[in-house]
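Participant: Below is the sequence, then the predicted model.
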Amino acid sequence: DARVTQTPRHKVTEMGQEVTMRCQPILGHNTVFWYRQTMMQGLELLAYFRNRAPLDDSGMPKDRFSAEMPDATLATLKIQPSEPRDSAVYFCASGFSGYEQYFGPGTRLTVT
Amino acid sequence: GESVGLHLPTLSVQEGDNSIINCAYSNSASDYFIWYKQESGKGPQFIIDIRSNMDKRQGQRVTVLLNKTVKHLSLQIAATQPGDSAVYFCAESQDSGYSTLTFGKGTMLLVSP
């Protein structure tokens, strides 16, 4: 059945390194979201795209985070340079012009 | 209900009991609400939704109630099963047509056999 996929599932890296997370939305979905989940803050919206165009990235620290959709089947979230406070689970979700969002399994990032 | 800080509110029930999970939302302009279930190590999974022009909606073993007067949402799970153990999030949307959701902090449901 159709589902959102994310890679890698786990990533451990050292402070200062670049991290790239990838997401493949469900085929046919035109809206893609990036969320970060931590115990303290819960689920926070970082950025989202509609028809590959960025609509809102106000939840994202601009100095180190960037989100792109090179094509309709791939969304990327990049952190450069990474910091320990970026340790979290990052979720991608996709939807089609409605409110329902389908989440991927997440990327668990640990920055040491 | 909503959590504060590190600790999620936890609801512990026995298998077969009915569960009620509560959520207070903040924005009276919100027009759409969703309940998600998140099992350990997985992404949130859609359970049921409701629009602001309704006060009740039923699904399979689940019912969502919306009280706009007090900005309160609840999820009722009938005949709770061990597989229902998870963290449950309510989410609200204020951006009609733009599909952005604001999530609550979540409630952990523990079901013992």
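Facilitator: Perfect, thanks for sending it.
Participant: neighbours of residue 80, just the number please.
Facilitator: I went with chain A, as the question did not name one. The burial count assigned to A:Q80 is 13, neighbours taken as other Cβ atoms under 10 Å in any protein chain shown. Every C-beta, even on glycine, is put in place using the N, C-alpha and C of the backbone.
Participant: I was after chain B.
Facilitator: B:T80, neighbours per other Cβ under 10 Å, totals 22.
Participant: quick one, what contacts the residue in chain A that chain B sits nearest to?
Facilitator: Proximity of chain A to chain B (Cβ to the nearest Cβ) peaks at A:F103, 3.3 Å away. Listed by Cβ atoms under 8 Å, 6 or more residues apart in numbering or on different chains, the contact partners of A:F103 are A:4, A:35, A:91-93, B:36, B:43-45.
Participant: So which of those residues sit within strands?
Facilitator: A:35, A:91-93, B:36, B:45 (DSSP state E).
Participant: State the distance from the residue nearest the centre of chain A to A:K78.
Facilitator: Against the mean C-alpha coordinate of chain A, by Cα atoms, centre = their mean, the closest residue is A:W34 at 3.5 Å. Computed as Cβ to Cβ, to the nearest Å, the A:W34 to A:K78 distance reads 11 Å.
Participant: cool, B:Q58 as well?
Facilitator: Distance from B:Q58 to A:K78, by Cβ to Cβ: 43 Å.
Participant: Run a quick neighbour tally on whatever residue of chain B ends up closest to chain A.
Facilitator: Nearest residue of chain B to chain A (Cβ to the nearest Cβ) works out as B:G43 at 3.3 Å. The number of residues packed near B:G43 is 22, by other Cβ under 10 Å.
Participant: For the residue nearest to it when sequence neighbours are not counted, name its beta-bridge partners.
Facilitator: In this structure, B:G43 finds its nearest non-sequential neighbour in A:F103, 3.3 Å apart by Cβ to Cβ, 6 or more residues apart in numbering or on different chains. On the basis of DSSP bridges, A:F103 is bridged to A:A93.
Participant: How confident is the prediction for A:F103, by pLDDT?
Facilitator: For A:F103, the pLDDT comes out at 96.
Participant: Pop out the phi and psi values for the nearest residue to B:Y32 once chain neighbours are set aside.
Facilitator: Leaving aside its sequence neighbours, B:Y32 sits nearest to B:S93 (Cβ to Cβ, 6+ apart; 4.3 Å). Main-chain torsions, B:S93, degrees, to the nearest 10: phi -130, psi 130.
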